[in-house]
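A.B. asks: let's see this in three dimensions:
(one chain, ligands or ions: 1)
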Amino acid sequence: MTPAELNRWIKRTRVLVEKSLRTSVPAAKTKPATIHRAMRYSLLSGGKRLRPLLCCAASEACGGTAREALPAACAVEMVHAYSLIHDDLPCMDDDDLRRGKPTSHIVFGEGMAVLAGDALLTESFGVLAKAAPRARHSAADLVAELARAAGSRGLIAGQVADLEAEGRKPSEPALYFIHAAKTGMLLRASLKLGAMCGGATGAQLKALDRFGFALGLAFQIQDDILDATQSAKKLGKTAGKDAVSGKMTFPALYGLGKSQTLAAQWTDDAVASLKPFGARGKTLRALAALILRRDR
Ligand code: GRG
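C.D. replies: The predicted structure is shown next:
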């Protein structure tokens, strides 16, 4: 797939996703209006929409369509939006800038930001339950998959390890665990849910899980590199924060040069796991390459 073809695919798919996201949460005027305004503020505030794109591309790789994957694509983006709202809270990472805008608690207050995150997480399961996956998988299978990824052995486990690691000496196993859980679990779920909507076989799900694990690490290493090298203006969030708050990151453990090598190696590993998809894996392959060369 050429870069121009990928750009066209992303543009087309983002239009579908944005439209679908707007109707996935109640209208801003729905009572109580404050919570719905807060949910929409964070969910519809831009972002790369990487997880929905992976979800739609996975459906296509398995013979389905992007449209069939939209409920899953919206559900994973809603979980992502919740995690960002809560991660930015004063009791977590304490950040006032996200996607170039003030964070939820700055605009709506801490209590409302907690509730907006809670509501997005809860509603995501309702959105996902409306998916009509092909014969091999049920809506209940999809819901169970998302619950696993978002729960105390997934995203939350990563956040717990991250909190407990602050200020501690960086170690390779701890770093891999944090990144695989915090970032990797939702990327893997995005791919697997999209694939299930597209009627994936067990072997295809296994290959995509491997792809998602490796891609999650490549994505997070690149994220650590960008935090250390880019401006807040470019990133739309506070830059250089990892070093200031003593976060366990790849550049902290290995330096920038080795981190770049590792990001490229994990991308190669990810792409290798797409072999069983042949030509149908072309969009996922191109997205993996894009993730490695992104600058925000
Ligand atoms: C449940 C509080 C809580 C946290 C769970 C996911 C997570 C753990 C915290 C969110 C913050 C964070 C640094 C996550 C790591 C993954 C990551 C780099 C998220 C940013 O994702 P992008 O770059 O963001 O896809 P956009 O804005 O483009 O959607």
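
A.B. asks: let me see the contact set for the nearest residue to Lys101 once chain neighbours are set aside.
C.D. replies: Nearest non-adjacent residue to Lys101, counting by CB to CB, 6 or more residues apart in numbering: Ser45, 5.8 Å away. Where C-beta positions appear, they are placed from N, C-alpha and C, glycine not excepted. By CB atoms under 8 Å, 6 or more residues apart in numbering, the contact list for Ser45 reads 98-99, 101.

A.B. asks: nearest to the ligand, out of these: which one, please.
C.D. replies: Arg99 (5.1 Å; CB to the nearest ligand atom).

A.B. asks: hmm, the closest one is touching Thr238, no?
C.D. replies: No - counting by CB atoms under 8 Å, Arg99 does not reach Thr238; the two are 11.9 Å apart.

A.B. asks: give me the more crowded residue out of these two.
C.D. replies: Thr238 (19 against 14; other CB atoms under 10 Å).

A.B. asks: next up, the contacts around Gly2.
C.D. replies: One correction, residue 2 is Thr, not Gly. Contacts of Thr2 by CB under 8 Å, 6+ apart: none found.

A.B. asks: what kind of secondary structure is the nearest residue to Ser42 once chain neighbours are set aside in?
C.D. replies: Leaving aside its chain neighbours, Ser42 sits nearest to Ala81 (4.9 Å; criterion: CB to CB, 6+ apart). What DSSP: H, G, I helix; E, B strand; the rest coil gives for Ala81 is helix.

A.B. asks: for Ala81, grab the count of nearby residues.
C.D. replies: Counted with other CB under 10 Å, Ala81 comes out at 27.

A.B. asks: how about the contacts made by it?
C.D. replies: If you count contacts by CB under 8 Å, 6+ apart, then Ala81 has 42-43, 47, 117, 120 around it.

A.B. asks: show me what from this structure comes close to the ligand.
C.D. replies: Counting by CB under 6 Å from any ligand atom, the residues of the chain close to the ligand are 47-48, 50, 83-84, 86-87, 92, 99, 155-156, 158-159, 182-183, 223.

A.B. asks: now the residue lying closest to Phe108 once chain neighbours are set aside: how far from Val127?
C.D. replies: Nearest non-adjacent residue to Phe108, counting by CB to CB, 6+ apart: Ala38, 4.5 Å away. Counting by CB to CB, to the nearest Å, the separation of Ala38 from Val127 is 18 Å.

A.B. asks: what of Arg99?
C.D. replies: 21 Å.

A.B. asks: ok so, going back, who wins on neighbours among the residues of the chain next to the ligand?
C.D. replies: Within these, most neighbours by other CB under 10 Å means Leu155, with 25 neighbours.
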